[in-house]
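A.B. asks: Here is a sequence with its predicted model. Questions after.
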Amino acid sequence: MLKEIIENYPDEEFLKADGFESAIIGVEENQMRLIYSVKICLAILMKDMSCEEAIEYFNFNVSGAYMGDKTPIWCWDNF
């Protein structure tokens, strides 16, 4: 998905979350922010840790990190 987004928006710079490229599900076009699936992010983290650890790690170290105007959007799609 990231490759397609970059091809469609060649003049834009996107802020990416390291290790979660496969969790990208789209782009928000007003501020040109990447959208990530939380469900997929948690699945990636659960390869190395328990579900509870993955949720805690994600909340504090990933989605809780503000990186400026281009901070990614986290879509809670696991309901």
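C.D. replies: Thanks, I have the structure now. Numbering: from 1, shown residues only.

A.B. asks: Now do the same for the residue of the chain positioned farthest from its centre: its pLDDT.
C.D. replies: With C-alpha atoms, centre = their mean as the measure, the chain has its most outlying C-alpha, relative to the mean C-alpha position, at Asp11: 20.4 Å. In the prediction, the pLDDT value recorded for Asp11 is 94.

A.B. asks: Ser63 now?
C.D. replies: Reading off the confidence values, Ser63 has pLDDT 91.

A.B. asks: which residues in the protein form strands?
C.D. replies: 24-28, 33-37, 73-75 (DSSP state E).

A.B. asks: Mean pLDDT and mean neighbour count for those strands - can I get that in a markdown table?
C.D. replies: Bear in mind the C-beta positions are built from the backbone N, C-alpha and C, glycine included. Output for the strands of the chain, formatted as a markdown table (pLDDT from 0 to 100; neighbours: other C-beta atoms under 10 Å):
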| stretch | mean pLDDT | mean neighbour count |
| --- | --- | --- |
| strand 24-28 | 97 | 17 |
| strand 33-37 | 97 | 21 |
| strand 73-75 | 96 | 17 |
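
A.B. asks: just for the chain, where's the confidence low?
C.D. replies: 79 (pLDDT under 70).

A.B. asks: Contacts for stretch 54-65 next, please.
C.D. replies: For stretch 54-65, the surrounding residues in contact (C-beta atoms under 8 Å, 6 or more residues apart in numbering) are 17, 20, 38, 41-42, 45-46, 49, 71, 74.

A.B. asks: Actually, stretch 15-31.
C.D. replies: By C-beta under 8 Å, 6+ apart, the residues outside stretch 15-31 that reach it are 1-2, 5, 9, 14, 33-38, 40-41, 44, 62, 67-73, 75, 77.

A.B. asks: By neighbour count, sort out the buried ones in the residues you listed.
C.D. replies: In the contacts of stretch 15-31, burial by neighbour count holds for 1, 5, 33-38, 40-41, 44, 62, 72, 75, counting by 16 or more other C-beta atoms under 10 Å.
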